[in-house]
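Trainee: I would like the atomic coordinates for the input below:
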Amino acid sequence: MSKSNLLENELLDHVLGNSSYSPPATVYVALFTTSPSDSSGGVEVSGGGYARVAVTNNLTNWPAAVSGSKSNGTVISFPTATAAWGTIVAFALMTAPTGGDILYWGAVNPNVSVPSGADASFAVGALVITED
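Mentor: As a prediction, this is how the structure comes out:
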């Protein structure tokens, strides 16, 4: 799991410099067929009924961190694919339902193929965000 350069800078300024950082009220889980990086976007799934999933940013959906790690506290379910989405290799937590900025991103292991008619989801605890 990696944090985007944008979020790294926001947190550094917040902790060292007393600059305010306001986390988003909602984060949007996105799926990628080519992994993003800390500084660029990768290739997000598009078409076939795909839409990012809105997750309210609270302690129910993202329980308190333990030992530098945090994970989803509820199932995250995407709409049913109406056409093949390809092979999902990564996910990201985004700031908007379209466009926006990546906050965190990570690999989907193992990679998952999403054919037409399939439902993609992450079980409770499947999205793990860590700080080192």
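Trainee: does the residue nearest to residue 86 when sequence neighbours are not counted sit in a helix, a strand or a coil?
Mentor: Closest residue to residue 86 apart from its sequence neighbours, by CB to CB, 6 or more residues apart in numbering: residue 33 at 4.4 Å. (Glycine included, C-beta is placed from N, CA and C.) On the three-state scheme (DSSP: H, G, I helix; E, B strand; the rest coil), residue 33 is labelled strand.
Trainee: that's a strand at residue 9, yeah?
Mentor: No: counting by three-state DSSP, one finds residue 9 to be helix, located in no strand.
Trainee: and the residue nearest to residue 86, how many neighbours?
Mentor: Using other CB atoms under 10 Å, residue 33 has 17 other residues around it.
Trainee: now swap in residue 77 and tell me
Mentor: Counted with other CB under 10 Å, residue 77 comes out at 13.
Trainee: just use 718 as the starting number from now, easier for me
Mentor: From this message on, residue numbering opens at 718, which makes the last subject residue 794.
Trainee: partner residues bridging it?
Mentor: Beta bridges link residue 794 to residue 838 when assigned by DSSP bridges.
Trainee: local confidence estimate at it?
Mentor: As predicted, residue 794 sits at a pLDDT of 98.
Trainee: could you pull up the mean pLDDT of stretch 729-746?
Mentor: Averaging pLDDT along stretch 729-746 gives 92.
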